[in-house]
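Visitor: Fold the following for me, if possible:
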Amino acid sequence: METLKFTLAGQNAFFKKPDVNEYCYFTYGHIHKVALLGMLGAIAGYKGYGSKYETVKKSKILSEDYPEFYEKLKQIKIAVVPKNENGYIQKKIHTFNNSVGYANKDGNLIVKEQWLEKPVWDIYILLDCNESEHIAELLQSRNCVYFPYLGKNDHPADIKDVKRLALRNITDKEIVISSLFLKNTGEMAELDEDDDTGIVRYCEKLPVALNAYTNLYEYDDFCYTNVPVIVKNGELYKCENDILQFF
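Guide: Numbers count the residues shown, from 1 in each chain. Now for the predicted structure:
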């Protein structure tokens with residue numbers, strides 16, 4: 001079995017949380033699967049959310065279908081390995097004006113967004129279907145139809161070090177997982193108090209899929225840690241020095 005690995009980075013990124021109604025628009029702490037598939041769909045030239053909105057507008061019926069990028073790529077499995085120190089990406093609030101006519105009637109609309117600062121990930125794509133092979137060919141040849149970005153077109157994506165690598169299954173019942181992994185994969189091993197320094201634990205509910213009718217996110221709980229995990233569910237793979245879970 002093979003995987004395509006590449007490093008994904010940028011000066012900033014913004015993966016908007018749609019359920020926040022505050023003075024500021026907040027971001028998820030890491031790139032999630034739907035955002036990553038959207039970026040890959042742009043590279044391949046697939047249509048986005050607007051394609052479904054046009055269909056609904058014409059028929060006036062909410063149909064059970066997906067945007068083209070998600071319909072074609074939803075079967076792709078990915079793994080995300082955070083590369084920032086301790087797996088944590090710094091965040092900063094950015095304030096700017098939006099003075100276009102449709103944004104406001106009088107004066108400027110002041111927008112506040114929380115951006116990820118200099119994010120870096122190693123992304124793995126499991127090469128087990130035609131679409132994943134197609135994406136691999138585009139990335140290896142450095143071809144794209146639309147320019148890839150990290151959440152919004154203010155944040156161009158830097159893709160480098162693209163390569164195909166071999167994967168092998170591992171069956172260890174207690175191991176440090178390099179990638180983000182689903183919370184129900186297992187439990188973090190207990191450590192002595194003396195070993196509790198330098199421990200990294202991150203958990204967040206991240207989008208994993210789109211609902212066919214509404215195109216709203218469907219979520220699952222993810223974790224990242226440098227503590228060994230007692231594995232109870234799911235398959236793990238080893239690629240070079242990384243232990244991965246694909247989802």
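Visitor: going forward, measure contacts between C-alpha atoms and count neighbours the same way
Guide: OK.
Visitor: pLDDT wise, what is the residue nearest in space to the middle of the chain at?
Guide: By CA atoms, centre = their mean, the mean C-alpha position of the chain lies nearest to residue 32, the distance being 2.4 Å. As predicted, residue 32 sits at a pLDDT of 98.
Visitor: Also residue 58?
Guide: At residue 58, the model reports a pLDDT of 53.
Visitor: again, but for the one 10 residues further on
Guide: The predicted local distance difference test score for residue 68 is 92.
Visitor: For the residue lying closest to it once chain neighbours are set aside, grab the count of nearby residues.
Guide: Of all residues not flanking residue 68 in the chain, residue 47 sits nearest, at 5.1 Å (CA to CA, 6 or more residues apart in numbering). Neighbours of residue 47 under the rule other CA atoms under 10 Å: 15.
Visitor: for residue 47, what are its contacts?
Guide: For residue 47, the contacting residues are 41, 67-69, by CA atoms under 8 Å, 6 or more residues apart in numbering.
Visitor: Helix, strand, or coil at it?
Guide: Following DSSP: H, G, I helix; E, B strand; the rest coil, residue 47 is assigned to coil.
Visitor: Ramachandran angles for it?
Guide: phi -70, psi 160 (degrees, to the nearest 10).
Visitor: Tell me both backbone torsions, phi and psi, for the residue nearest to the centre of the chain.
Guide: The phi/psi pair for residue 32 (degrees, to the nearest 10) is phi -110, psi 170.
Visitor: likewise residue 96?
Guide: According to degrees, to the nearest 10, residue 96 has phi -150, psi 170.
Visitor: And for residue 70?
Guide: Per-residue torsions, residue 70: phi -80, psi -40 (degrees, to the nearest 10).
Visitor: Any idea how many residues pack against it?
Guide: Residue 70 - counted by other CA under 10 Å - has 24 other residues nearby.
Visitor: related to what we said a few turns ago, can you pull the pLDDT of the residue nearest to residue 68?
Guide: 91.
Visitor: Quick check, pLDDT for residue 39.
Guide: Note on residue 39: pLDDT of 98.
Visitor: all helices in the protein, in order from the N-terminus.
Guide: Assigned by DSSP state H, the helices in the chain fall at 33-44, 49-59, 68-73, 130-140.
Visitor: chain center to the last one, what's the gap?
Guide: Offset of helix 130-140 from its chain centre (CA atoms, centre = their mean, to the nearest Å): 18 Å.
Visitor: what does the shortest one give?
Guide: Averaging C-alpha positions (CA atoms, centre = their mean) puts helix 68-73 15 Å from its chain's average.
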